[in-house]
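1. I would like the atomic coordinates for the input below:
(one chain, ligands or ions: 1)
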Amino acid sequence: VTEVRKGFVEVGSDNVCLPIYYEKYEKFLNKFEVRDSDIYLLAHPKTGTTWTQEMIWLIVNNLDYEGARQILLNRFPLLEAPIYVDDEVVDISALHGDDFITFINALPEPRCIKSHLHWSLLPEQIQNRSKKPKIISIFRNPEDTCVSFYYYCKLFEGYRGTFEEFCDLFLAGRLSHGPFWKLVLSLWNERENSNILFIKYIDMKNDLPSVIRKVAQFLGRNIDEDHIDKLTKHLSFDSMKKNPAVNLQPLLDTFALPHNLMMDEGAFIRRGIVDGYKSEMTMEQIQKFKKWTRENLVGSDFDEEVV
Ligand code: A3P
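-> Numbering: from 1, shown residues only. Down below sits the predicted model:
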């Protein structure tokens, strides 16, 4: 573990970049007790994971819209949440109503848990397949992911550099959970051995009902067409943007952070489109991204078309 940028360390052979507080929680993450009944959402940050969490949670909980008024962070927590905060300054139990470890262990079954960790940093019982939870992973193109991450880091991590510098950090794998392709491929390479369903942000944009059907089938749930219609509306961009349970406003309120996210053009549920990067990146940046993707996919059978 080496400190690579102020506040960040590099971990493991894929040089995964993580906040320095990772080290304190490394053991908890390695030894976390997985259950066969658990459902994991594993993906890079900013790929549409909140959207997917809300979909999965409702499918698993028999479309309990009343229950879905509880904040998503408590219904479908992030396994590594403690690594983002200095627990001597911020007490995240204020949000979860309990010590984080007690809280996550006691989630009602089936537990829905999200993680942005590289495969090699996940709980051992997932890696060695001694437990066989269902895993869903969402893929979004790295250019849109990077733009989305930029606005997020400006709001939540106090990023003050330029967009150009941010793109370079993204390409160099120097942002939390980077390098992007190392994380994506670490999950992709497990698809034969573990129970993983890959879905795509672009498919959710183009045909959400089909993705809902596919995910429901994977999770062994049946939803009739009327209910699919209602869920599609609930998951629309406009409805999610207005829904305080899924945007991060309660988090900001709990910790009295000095942002008014909902009013800001950089709000957490921000723009929600495919290829938005084309109006944010220069041609030169776009070419850099394409070249970097080609280089990173050499020797891999990862195919954006079929994920
Ligand atoms: P943008 O910043 O491009 O708008 P994550 O939840 O993994 O952090 O991903 C956040 C991205 O998902 C944001 O992208 C956000 O707007 C988008 N998103 C959230 N809910 C969405 C929805 N219902 N429809 C489309 N995009 C959505």
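2. Give me the neighbour count for whichever residue of the stretch 151-300 of the chain sits closest to the ligand.
-> Nearest to the ligand, among the residues of the stretch 151-300 of the chain, is G272, at 2.9 Å (Cβ to the nearest ligand atom). C-beta: built from backbone N, CA, C; applies to glycine. Residues near G272, counting by other Cβ atoms under 10 Å, number 18.
3. quick one: low-confidence parts of the stretch 1-150 of the chain?
-> 1-3 (pLDDT under 70).
4. what does it put close to the ligand?
-> Residues of the stretch 1-150 of the chain lying close to the ligand by Cβ under 6 Å from any ligand atom are P45, K46, T47, G48, T49, T50, W51, D144, S148.
5. okay, these in TSV with secondary structure and neighbour count next?
-> Shown next, in TSV, are those (DSSP: H, G, I helix; E, B strand; the rest coil; neighbours: other Cβ atoms under 10 Å):
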residue	secondary structure	neighbour count
P45	coil	18
K46	coil	23
T47	coil	24
G48	coil	22
T49	helix	23
T50	helix	20
W51	helix	21
D144	helix	24
S148	helix	23
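6. circling back to that earlier point, can I assume the residue of the stretch 151-300 of the chain closest to the ligand sits in a strand?
-> No: using DSSP: H, G, I helix; E, B strand; the rest coil, the secondary structure at G272 is coil, not a strand.
7. in the stretch 201-307 of the chain, which spans are helices?
-> Along the stretch 201-307 of the chain, counting by DSSP state H, counting those that start in this stretch, helices occupy 201-206, 208-218, 225-234, 237-242, 249-254, 283-296.
8. With the stretch 1-150 of the chain instead?
-> Counting by DSSP H, counting those that start in this stretch, the helices of the stretch 1-150 of the chain are 22-31, 49-60, 72-75, 93-96, 100-105, 124-127, 142-156.
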